[in-house]
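quick one, what's the 3D model for this:
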Amino acid sequence: MSEGQAVAPRNAAHPGHSAHSAIDERTLEMLDFPAVRARLAACCASELGRRLAEAVTPSTSARQVASDQAETAEARALADGGAVPGLHGIHDVAAICVRAARGGRCEAGEILLAAETAAACRRLRAHFARRAGPAGPATSLPGTRSAATAASPAPR
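Take a look at the predicted model:
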């Protein structure tokens, strides 16, 4: 994905929830929601996170709100339970990976972005594996699919 290219709003990643909010833009303006987005984006450690934060939309679904609140509580508990490794070095490399998987060429800078992202993922994985202790690594992190599911090839 190139710099400045649009990304799907965070809510679009949740099954059963439309990326389009039932709340109209005028209402969002009255609630100063653009300022909320800006504050959220300012807290992000990566460009990908900033773009996702800038695109976030509120939900009118009670189920989605409850899920989002539970996810936030889980993330807060993780942060409050000890030092969380920095999220620096995480880049949106999806388009680079797709192009490479199709046999396309990658520029040196793109390979460096992918390497930085892989290193950041290894730091996070090691951090959460240490936190899990003898029970083994967590099967999922807030807002993610099971690590085992994500890494497994699709059944044929």
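
hmm, which helix or strand of the chain has the shakiest average pLDDT?
helix 147-151 (a mean of 37; mean pLDDT, DSSP states H and E).

can you give me the helices for this protein?
25-30, 33-42, 47-55, 62-80, 94-101, 108-132, 147-151 (DSSP state H).

can you give me phi and psi for residue 87?
When quoted as degrees, to the nearest 10, the phi and psi of residue 87 stand at phi -100, psi 10.

use 659 as the first number from now on
In the new count, where the first residue is 659, that last one comes out as residue 745.

what sits against it?
Neighbour list for residue 745: 703, 704, 707, 778, 782 [criterion: CB atoms under 8 Å, 6 or more residues apart in numbering]. Every residue, glycine included, has its C-beta placed from N, CA and C.

buried ones in stretch 761-768?
residue 768 (16 or more other CB atoms under 10 Å).

who touches that stretch?
In contact with stretch 761-768 (CB under 8 Å, 6+ apart) are residues 751, 754, 757, 758, 772.

hang on, the last one packs against residue 755?
So that's residue 772. Yes - using CB atoms under 8 Å, residue 772 is in contact with residue 755, at 7.2 Å.

the two: which is more packed in?
residue 772 (16 against 13; other CB atoms under 10 Å).

distance check, the more buried one against residue 766.
Applying CB to CB, to the nearest Å, the value for residue 772 to residue 766 is 11 Å.

ok, residue 699 next?
Taken as CB to CB, the span from residue 699 to residue 766 is 29 Å.

could you dump the contacts of stretch 761-768 into CSV and include pLDDT and distance to residue 739?
Converted to CSV, the contacts of stretch 761-768 look like this (pLDDT from 0 to 100; distance: CB to CB, whole Å):
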residue, pLDDT, distance to residue 739
751, 93, 29
754, 95, 34
757, 95, 39
758, 94, 37
772, 95, 30
